[in-house]
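Undergrad: coords please:
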Amino acid sequence: MSDILRDAVFEPVRDAVPFLVITVLWVIVTLVLYGLFLVTKPSEISYDAWVHATVFVVPMIGFLGQVLQQALSGHQRA
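TA: Prediction:
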């Protein structure tokens, strides 16, 4: 029973940890860059909402692609 539990739970979690670490680091880097963008922009310039959204939307497309790739590769292993 313990082998089945390990195969069903612990191995997928162990496989997901590097992806989760990379995701957290990427979010931190994105927020730092966005903060620098906001701090260094001249006060007389005002950006539309779409400019601010692109900071988060573009990385999210890559993130969702990576999630899809992980899901498909996990499905093939099973």
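
Undergrad: the bottom helix or strand of the chain by mean pLDDT?
TA: helix 2-5 (a mean of 72; mean pLDDT, DSSP states H and E).

Undergrad: Following the chain past it, name the next helix or strand.
TA: Heading C-terminal from helix 2-5, the first helix or strand you meet, by DSSP states H and E, is helix 11-40.

Undergrad: What are the buried residues along that following helix?
TA: T30 (16 or more other CB atoms under 10 Å). Heads up, the C-betas are built off the backbone N, CA and C, glycines and all.

Undergrad: Tell me who's in contact with the residue nearest the centre of the chain.
TA: Residue closest to the average C-alpha location in the chain (CA atoms, centre = their mean): T23, at 3.8 Å. Counting by CB atoms under 8 Å, 6 or more residues apart in numbering, T23 touches F63.

Undergrad: Please apply the same query to the one 3 residues further on.
TA: Remark: with contacts taken as CB under 8 Å, 6+ apart, W26 is in contact with 59, 63.

Undergrad: Recalculate using a threshold of 7 Å.
TA: P59 (CB atoms under 7 Å, 6 or more residues apart in numbering).

Undergrad: from the middle of its chain, how far away would the helix or strand harbouring F56 be?
TA: If you go by DSSP H and E, F56 is part of helix 49-77. In terms of CA atoms, centre = their mean, to the nearest Å, the centre of helix 49-77 is found 7 Å from the chain centre.

Undergrad: How about stretch 61-78?
TA: On CA atoms, centre = their mean, the centre of stretch 61-78 falls 12 Å from that of its chain.

Undergrad: Contacts for it next, please.
TA: 12, 19, 23.

Undergrad: Give me the pLDDT for A49.
TA: Note for A49: predicted pLDDT of 88.
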